[in-house]
Structures are given as structure tokens and as C-alpha cells.
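A.B. asks: Return atomic coordinates for the entry below.
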Amino acid sequence: MRLSEPRILYLARESLARLRDEGLAEVANFQVALRTARELIEQFANGQGDAIDNAVRRKIASLKRQVIEGTPEWNILYRRYREEEQRKRGPNR
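C.D. replies: All right, here's what the predicted structure looks like:
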């Protein structure tokens, strides 16, 4: 699926606004959240999102200690490993 940059930005902005307005998520810094949401939508539109997500989840699951999904530790590891995978794969791979 190919999405234009304005369409990606629109989807990210609308998604965050709806999550915030319906009380489903607290958005402390809308600009940072918007940038992250835009990157995620772009990855999924380019077909990378699922592969990166699967690789990160496998990496966390392979740790010696069990880290429970949803805990602050899991979220930190997920974010760190996701950034590593993105750097490894490059911007458009």
C-alpha cells in the first residue's frame, strides 16, 4: 500500500486526537507522539512494521528472564529493540 506523506500525517493526527479525546490514552507531548505515530504508520504502509514488530517480540521473548508484556520494563525494551531494528534495516528496506 502506498500512502502519501500528507495522508500519513492526517491518519497519525486523527488517530492521536481520537485516542486523547476519548480518554483512551494520555498524550503528554502531542508533537513527539505525532512523530512516533507517523513513523509507525509509514512503516506499516511500507510493509516493514510487522517484520520489525515480530523481530522485537522474539528478541524480548528470548531473554533469560521473563518480561511481561505491558510492564514498564517491557515497554522500554520494546522501544529500544525497535529502534535498533529500524537502524539495522535502514529507512526504506
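
A.B. asks: where do the helices sit along this protein?
C.D. replies: Counting by DSSP state H, the chain has helices at residues 5-21, 30-45, 49-61, 72-89.

A.B. asks: any chance of those in CSV, plus mean pLDDT and mean neighbour count?
C.D. replies: No exception for glycine: its C-beta is placed from N, CA and C like everyone else's. Supplementary listing: these in CSV, determined by pLDDT from 0 to 100; neighbours: other C-beta atoms under 10 Å:
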stretch, mean pLDDT, mean neighbour count
helix 5-21, 92, 14
helix 30-45, 87, 16
helix 49-61, 86, 15
helix 72-89, 89, 14
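
A.B. asks: how much space between the residue lying farthest from the centre of the chain and E83?
C.D. replies: Distance from the C-alpha centroid of the chain peaks at K64, with 24.5 Å (C-alpha atoms, centre = their mean). For K64, the distance to E83 equals 22 Å [C-beta to C-beta, to the nearest Å].

A.B. asks: Now do V27, the pLDDT please.
C.D. replies: pLDDT recorded at V27 is 83.

A.B. asks: Counting neighbours, what do you get for S4?
C.D. replies: 9 (other C-beta atoms under 10 Å).

A.B. asks: can you pull the contacts of it?
C.D. replies: The contact partners of S4, by C-beta atoms under 8 Å, 6 or more residues apart in numbering, come to none.

A.B. asks: How about A25?
C.D. replies: L16, L19.

A.B. asks: change it to 7 Å
C.D. replies: L19 (C-beta atoms under 7 Å, 6 or more residues apart in numbering).

A.B. asks: For the spatially most central residue of the chain, give its distance to G90.
C.D. replies: In the chain, the residue lying closest to the centroid (C-alpha atoms, centre = their mean) is L40, at 4.6 Å. Distance of L40 to G90, given as C-beta to C-beta: 17 Å.
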